[in-house]
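> pasting a predicted model and its sequence here:
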Amino acid sequence: MIGEVLCNKYMVDSILGNGKFGVVYKGSHVTKGDIVAIKTEPITNQFKVLRHEVTILNYLFYNGVRNIPAVYWFGQHAGYTCLAMSHYTCNLQDYIKKKGVMDKNKLGSMMIKCLNILENVHKYHILHRDIKPNNFMIKDGDIYLIDFGLSTVFIDEDGHHIIKQDLGNIIGTPKYVSFYNHCGENLSRRDDLISLGYMYMYLQNGCLPWDAIQSGPSNLPQTSTLHPRNLSLKNAKQWSDISVCSEGTVLMYLKYCYELKYNDDPNYHILMELFVE
């Protein structure tokens, strides 16, 4: 696809990486020169992830949520569904690899921005469900949340929390999914916030207590809650272990989040106050 032009507007320049269901390219507007990210997935894919992501992004953007990618074009090209969107050059995972562990004040300021984004996303009844350093981007001193392919609505038309029946698989990236996700419980705002807490632990220390857990042999899918690695991660993330291996701000943050019930309304202001010096 490199060198091809989408919709007479966007030149595909190079490969940025591989997404969950297809290749992500770097592109540019053929006349303006503006740089974009171009997500692709084969039209034959059973799950139309890009169409779902576009729907979520446009809905949030329409409602004023701005620290997310803007959708520039969505359509089909040469057997692929394509999405041209905002391009970012550095995520928090890469930032830590280059710069090392963050300064406490800078990390606190960053967490407040992340919480503000999540509050705005949750306000419109959307769960992200894949909170991790790779999905927070840094641009011009601000933070942006990307990759809404696993996002979902958590409130139905009557204002009730949506209850899922198929709970045998974890949703998201195993290293960062919440303890309750490993338990097979329905996901809610609580789980996005807990994943953000794990991310804080990683950014603060450069590692997580369960990083050494490896994936052993198993006939189960790696997303199964019963997969040996996921069972080990679940044990490592239970509160009795978390309370021993964490302290200070992260301990207070995670304690608040772990004590939230499935359908509780989180107090984002209280959580932000934890990071104010």
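Great, that's in hand.

> quick one: the helices in the stretch 51-200 of the chain?
Listed in chain order, the helices of the stretch 51-200 of the chain (DSSP state H, counting those that start in this stretch) span 92-99, 104-123, 179-182, 189-205.

> of those helices, which is nearest S215?
S215 lies closest to helix 179-182 among these, at 14.4 Å (C-beta to C-beta). C-beta: built from backbone N, CA, C; applies to glycine.

> return the distance of that closest one from the chain's centre.
16 Å (C-alpha atoms, centre = their mean, to the nearest Å).

> now swap in stretch 101-108 and tell me
20 Å.

> swap in stretch 5-12?
So, by C-alpha atoms, centre = their mean, the centroid of stretch 5-12 is 28 Å from its chain's centroid.

> that stretch spans what distance, first to last residue?
6 Å (C-alpha to C-alpha, to the nearest Å).

> okay, buried residues for that stretch please.
L6, K9, Y10, M11, V12 (16 or more other C-beta atoms under 10 Å).

> swap in stretch 67-75?
Neighbour-count burial for stretch 67-75 [16+ other C-beta under 10 Å]: N67, I68, P69, V71, Y72, W73, F74.

> can you tell me how far the fourth one is from V24?
Just to be clear, that refers to V71. 15 Å (C-beta to C-beta, to the nearest Å).

> with the third one instead?
For P69, the distance to V24 equals 12 Å [C-beta to C-beta].

> what's the closest of the helices of the stretch 51-200 of the chain to R229?
So among the helices of the stretch 51-200 of the chain, helix 179-182 is nearest, using C-beta to C-beta, at 10.4 Å.

> helices or strands up against the closest one?
Counting contacts by 3 or more C-beta pairs under 8 Å, 6 or more residues apart in numbering; DSSP states H and E, helix 179-182 packs against helix 189-205, helix 228-237.

> quick one, the first one and helix 104-123 angle?
Spelled out, that is helix 189-205. 160 degrees (axes from the mean of the first three to the mean of the last three C-alpha atoms, to 10 degrees).

> what's the domain layout of the protein?
The chain breaks down into these domains under automatic domain parsing: 5-86, 90-273.

> how about R129, phi and psi?
Here is the backbone geometry of R129 (degrees, to the nearest 10): phi 70, psi 10.

> ok, it touching V153?
No - between R129 and V153 there is no contact under C-beta atoms under 8 Å: 11.2 Å.

> and these two? Which one has more around it.
R129 (21 against 13; other C-beta atoms under 10 Å).

> tell me the secondary structure for the most far-flung residue of the chain relative to its centre?
What lies farthest from the middle of the chain is T31; by C-alpha atoms, centre = their mean that is 32.5 Å. State at T31, reduced to three classes by DSSP: H, G, I helix; E, B strand; the rest coil: coil.

> that one and K9: what is the separation?
Counting by C-beta to C-beta - T31 and K9 are separated by 8 Å.

> what residue ranges in the stretch 151-277 of the chain score low on pLDDT?
165-166 (pLDDT under 70).

> same deal with the stretch 1-150 of the chain?
Using pLDDT under 70, nothing in the stretch 1-150 of the chain is flagged.

> all strands of it, in order?
With DSSP state E, counting those that start in this stretch as the criterion, the stretch 1-150 of the chain has strands at 5-6, 10-18, 23-29, 35-42, 71-77, 80-86, 90-91, 126-127, 136-139, 142-145.
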